[in-house]
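Undergrad: here's a sequence, model it:
(one chain, ligands or ions: 2)
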Amino acid sequence: MEARVGVTGARRLLGGLRDVMAGDGNAQERLDRIVRLIAADMEAEVCSAYIMRAGDILELCATEGLFPESVHRTRLRVGEGLVGAIAATARPLALSDAQAHPAFAYRPETGEEVYHSLMGVPILRSGRVSGVLVVQNRSQRHYTDEVIEALQTVAMVLAELVATGSLVDVEEQHPTQGIATLPHRLDGVRLNSGLAIGTAVLHEPAIVIRQLVAEDPEAEAVRLGIAIEEMQRSIDRMLSSSDLAHGGEHRDILETYRMFAEDRGWLGRIREAVESGLTAEAAVQKVRDDTRARMKQISDPYIRERLTDLEDLANRLQHHLSGGVITAAAETEAEDVVLVARSMGPAELMDYDRKRLRALVLEEGSPSSHVAVVARALDIPVVGRVKGAIAQIDAGDQVVVDGDNAQVLVRPSEDVQAAVETRLAERRSRKASYQALRELPAVTRDGVAIGLMMNAGLLIDLPELEATRADGIGLYRTELPFMARQDFPNVADQTELYARVLEQAQGKPVVFRTLDVGGDKLLPYMPETVEENPAMGWRALRISLDRPGMLRQQLRALLLAANGRPLSIMFPMVAEVAEFATARRILNMELQRLGPRGKPLPSSLRVGAMLEVPALIWQLEALCRQVDFISVGSNDLMQFLFAKDRGNARLAERYDVLAPGALTCLAEIVRAADQGGVTLSLCGEMAGSPVEAMALIGLGFRNLSMSPSAIGPVKAMVRSLDVGPLRQYLAVVTRLPDHSLREKLREFARDHGISI
Ligand code: PEP
Ligand code: MG
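TA: Ligands and ions are numbered 1, 2, ... in the order given. Have a look, this model is predicted:
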């Protein structure tokens, strides 16, 4: 009897299904014909289709063999009875003696007591259970794997019929509960704080499969073979490309890909599905749905990760079949976009409509990755390293992104949604109160004026200057526009860009930092170097001094852009005074070039150094004699002080910038800058957190540069602060052996009514 099924049997069954689907009649009539067809083909006395309705109810919508009166009457909850168990686990179940199973729930209206064996499979679409398809036999039949496979294939076609919404309203097909679709939480790493709720948009949307059943299975097998080869070749290419050679983690992932991409079991299952009559796309989807269903049941992190790899490969294979990757940027119509991606470059992120972009969820990424830097400029919460995000979030899902707690809530319950809305409303009203502060000066209660500047790097940041009433741009990261391009911008292009920045700044000072690339900030058009420790490698000013042509072009462009206006330039990652002196000489050469060509000189030129490398702290006296200002890059400085890679998520919480040692170091920098009579500011992430900014002001910093969204909260802190008592308090606590002074400083703020 089982011999009928196998490959040719499945193919014949699919052929029959295709005829039904293409034939006349409404959805119900077609479903009736389908269950009849399956029962006959599989030599089962019963075939029934249960479709998911609102409230997690599985309703018997068609049957061959059970009493017809039970159709649309028999209903089971997810988890109830054998049918409910199949839906809850999203896995097939085959029992030769079904009634002996503890989960069996007898429904007298169906007349099923005479059938002993039962086999059922979930009707899955994009990993969601939309129903259950069941066959039953009088005898104690032992259903073979081939029969189960065949029913799964049929269920896949049926899923399409269900998805049209003509059987059960599409609205109803997204139940709020049930294991397969339970709201769930995904954890990651905070790449940018903030809170948002919105509709999931997959950056690389799932392929829409237009045809499930193949016209010509042999031709499909050939198409699949070509796509598999292409995929394997592209993975090999990626693996051998030099930019990944140094990224240990990437390489491991890709090695695993390659291993799986050649995995006979996985490929074999896809080939079999094609042989059974599915199109290549549908075959990949079938195996993929099965993997997803298994993933939901597995808690072992290692196995889950392997299954995630397979999910990923299926995605790649589908893109090869469809002939290329299309991103959602141009297509999405969602109003509140929560973008979900494996990884993406800064330029790709900028393709999305900024006004509708609410949050970003990445499977990869680290806090200093380019895309995170850009997302921060866009002021959206970002959670990275979210394992399985693409597999577990469907396009259209409601998603809450809680950047503060590095969590993503998928399909949150109504309670959670309401709570999030409340928190968002609170944030909005807090923001409004910051708006009210805009016109007020950033002066402490005891009369100390604090310069609040903003960090920028893209033209889209500039309107924030007016919106926040920041005193200027304390750090303009010139590398960001470079990263978003395919080739190195020439002097004319750069001049135009910097001139636009200065124009939009409307006379407020802008501190241009020269190119800070290398490390993790790679330019697509620069030769790659393989380095053991890129953060401590050939980057920033080191590259500029070794390739002075590039630096000269940039300095020339800055001078031309100033066109007689004031100009501020600073050099990143200065490790010793001699380096600064060399850079300054190059700048002087460019200055001297201007005059004879009749170009106006900047009305004033201020040149500074970023203090990011600890060695420079012991040369501050000499440095102060050569610079107009110093800006502490606390992100890099702390990374080097603590010997803690800033991109390493594992160490993200390990050391605190509010540690006594770190604060003592910063106090020493303040002392030396004061003595040298040089303007000092700080432009790392520290400046934008109210409690950290409070500590910095207590240590003597008077200029801070931060992301635009931080200006309101920091100004509120400044205006509620008395510096005198804080300075005294810090002088005492920085001597303590504590791991961090964060809690003490928070309590100090609470006791003194300081708004943090
Ligand atoms: C820093 O290191 O603190 C800094 C502001 O520079 P970046 O984050 O661009 O390295
Ligand atoms: Mg830096």
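Undergrad: contact partners of stretch 258-268?
TA: Residues from elsewhere that reach stretch 258-268, judged by CB atoms under 8 Å, 6 or more residues apart in numbering: 228, 231-232, 235-236, 239, 287, 306, 309-310, 313. (C-beta placed from N, C-alpha, C; glycine too.)
Undergrad: among those residues, which two are most distant?
TA: Greatest spacing in the contacts of stretch 258-268, by CB to CB: 239 and 287 (23.5 Å).
Undergrad: which one's more surrounded, the two?
TA: Neighbours around residue 239 and residue 287, counted as other CB atoms under 10 Å, are more numerous at residue 287. The numbers are 23 against 15.
Undergrad: I'd guessed the more buried one sits against residue 269; true?
TA: Yes: counting by CB atoms under 8 Å, residue 269 is a contact partner of residue 287 at 4.8 Å.
Undergrad: so where is the stretch 401-550 of the chain shaky, pLDDT-wise?
TA: 484-486, 520, 522, 524, 528 (pLDDT under 70).
Undergrad: can you name the residue of it nearest to ligand 2?
TA: The stretch 401-550 of the chain approaches ligand 2 most closely through residue 516 (6.2 Å), counting by CB to the ion.
Undergrad: name the SS class of that residue, please.
TA: At residue 516, secondary structure determined by DSSP: H, G, I helix; E, B strand; the rest coil is coil.
Undergrad: now the strands for the stretch 251-400 of the chain?
TA: In the stretch 251-400 of the chain, the segments counted as strands under DSSP state E, counting those that start in this stretch are 337-341, 357-362, 382-384, 398-402.
Undergrad: gap between the third one and the chain center?
TA: Spelled out, that is strand 382-384. From the chain centre to the centre of strand 382-384 is a distance of 5 Å (CA atoms, centre = their mean, to the nearest Å).
Undergrad: still on that earlier bit, which one of the strands of the stretch 251-400 of the chain lies closest to ligand 2?
TA: strand 382-384 (19.0 Å).
Undergrad: can you tell me which helices and strands the closest one packs against?
TA: strand 189-192, strand 357-362, helix 370-378, strand 398-402 (3 or more CB pairs under 8 Å, 6 or more residues apart in numbering; DSSP states H and E).
Undergrad: now do it: everything it contacts.
TA: Strand 382-384 is touched from outside by 186, 188-192, 359-367, 369, 371-372, 375-376, 401-403, 406-408, 649, with contacts defined as CB under 8 Å, 6+ apart.
Undergrad: redo that, cut-off 10 Å
TA: Strand 382-384 has contacts (CB atoms under 10 Å, 6 or more residues apart in numbering) with 186-194, 196, 339, 343, 349, 359-367, 369, 371-372, 374-376, 389, 401-408, 649.
Undergrad: can you tell me which of the contacts of stretch 258-268 is closest to ligand 1?
TA: residue 239 (29.3 Å; CB to the nearest ligand atom).
Undergrad: helices of the stretch 451-600 of the chain, residue ranges please.
TA: Assigned by DSSP state H, counting those that start in this stretch, the stretch 451-600 of the chain shows helices spanning 463-468, 479-483, 491-505, 541-546, 548-562, 577-594.
Undergrad: counting neighbours, what do you get for the spatially closest residue to residue 439 that is not a sequence neighbour?
TA: In space, and not counting its chain neighbours, residue 439 is closest to residue 469: 7.0 Å by CB to CB, 6 or more residues apart in numbering. Using other CB under 10 Å, residue 469 has 20 other residues around it.
Undergrad: list the contacts for residue 663?
TA: Counting by CB under 10 Å, 6+ apart, residue 663 touches 656-657, 692, 695-696, 698-699, 730, 733-734, 740-741, 745.
Undergrad: give me the buried positions along the helix or strand it falls within.
TA: Residue 663 is part of helix 660-676, with elements assigned from DSSP states H and E. In terms of neighbour count (16 or more other CB atoms under 10 Å), helix 660-676 has its buried residues at 660, 662-663, 665-667, 669-670, 672-673, 676.
Undergrad: please apply the same query to stretch 589-604.
TA: Applying a neighbour-count criterion of 16+ other CB under 10 Å, one finds 590, 594, 602 buried in stretch 589-604.
Undergrad: by pLDDT, give me the weakest of those.
TA: Looking at the buried residues of stretch 589-604 by pLDDT, the weakest one is residue 594, with 88.
Undergrad: please tell me I have it right and it contacts residue 567.
TA: No: checked against CB atoms under 10 Å, the pair residue 594 and residue 567 is beyond contact range at 11.6 Å.
Undergrad: a strand runs through residue 121, doesn't it?
TA: Yes: counting by three-state DSSP, residue 121 is found in a strand.
Undergrad: quick one: the nearest residue to it once chain neighbours are set aside and residue 196, what's the gap?
TA: Using CB to CB, 6+ apart and skipping residues adjacent in sequence, the residue nearest residue 121 is residue 92, 4.3 Å away. According to CB to CB, to the nearest Å, residue 92 stands 38 Å off from residue 196.
Undergrad: also residue 570?
TA: Distance of residue 570 to residue 196, given as CB to CB: 33 Å.
Undergrad: which one's more surrounded, the two?
TA: Set side by side, residue 570 and residue 196 show more neighbours around residue 570, with 27 against 21, by other CB under 10 Å.
Undergrad: SS state for the residue nearest to the more buried one when sequence neighbours are not counted?
TA: Spatial nearest neighbour of residue 570, excluding adjacent residues (CB to CB, 6+ apart): residue 608 at 4.1 Å. Recorded secondary structure, residue 608: strand (three-state DSSP).
Undergrad: can you pull the contacts of residue 608?
TA: Neighbouring residues of residue 608 by CB under 10 Å, 6+ apart: 511, 513, 568-571, 574, 580, 623, 626-631, 678-681.
Undergrad: filter the residues you listed to the buried ones?
TA: For those, a burial check counting by 16+ other CB under 10 Å picks out 511, 513, 568-571, 574, 580, 623, 627-631, 678, 680-681.
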